[in-house]
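1. Need a 3D model of the sequence below.
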Amino acid sequence: MSVIAFSIVFLVIAVLMLMMMALKFFAEWMQRTAPDNSRPNQSAPVPTLKKETPGEREQISPQEEDELAAVITAAIAFSSGRAVKIASFAPVADRPQTSAWKVTGRIGNLEGFTD
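-> Down below sits the predicted model:
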């Protein structure tokens, strides 16, 4: 009896695999036969970001600094769920960029460690 059950399971897995392979070939065929106007323009210029050096940081006015402090305070208060007071803030020293995936993973791993 178990031989029949295992063979049915493997048969279903094989059929699903064949369906996925057929879908892959169908998608490739659709891309080849698509009209040229549906593809993005390859000659369009790609915008580049100017890399900032530590000495080039833009100076902000005291009013903008107060607004920035208010925004940071509101964000921290909202995320922590209680009143907070920001004593001071400063730009973080340059460090290597981390991907959004790493940041999301770190935040996800911190769930449950809140007070």
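2. Where is the longest helix in this protein?
-> Using DSSP state H to define each element, the chain has its longest helix at helix 2-33.
3. Quick check: which helices or strands does that one pack against?
-> Taking 3 or more CB pairs under 8 Å, 6 or more residues apart in numbering; DSSP states H and E as the contact definition, helix 2-33 has no neighbouring helices or strands. In this view, the C-beta of every residue, glycine as well, is placed from N, C-alpha and C.
4. next structured bit after that helix?
-> Counting by DSSP states H and E, the next helix or strand C-terminal to helix 2-33 is helix 62-80.
5. low-confidence ranges in this protein?
-> Within the chain, the ranges that satisfy pLDDT under 70 run 36-58, 94-96, 111-115.
6. center of it - which residue?
-> Centroid-nearest residue in the chain: residue 100, 4.5 Å away (criterion: CA atoms, centre = their mean).
7. mind giving me the domain ranges of the protein?
-> Using automatic domain parsing, the domains assigned to the chain come out as 1-35, 60-90.
8. got those as CSV, with mean neighbour count columns?
-> Shown next, in CSV, are the domains of the chain (neighbours: other CB atoms under 10 Å):
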stretch, mean neighbour count
domain 1-35, 9
domain 60-90, 10
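9. Is it possible to get JSON lines of the ones you listed that adds distance to residue 105?
-> Written out in JSON lines, the entries for the domains of the chain read as follows (distance: least, CB to CB, whole Å):
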{"stretch": "domain 1-35", "distance to residue 105": "28"}
{"stretch": "domain 60-90", "distance to residue 105": "18"}
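10. mind checking how far residue 73 is from residue 107?
-> As defined by CB to CB, to the nearest Å, residue 73 lies at a distance of 20 Å from residue 107.
11. One more: residue 6?
-> Residue 6 sits at a distance of 42 Å from residue 107 (criterion: CB to CB).
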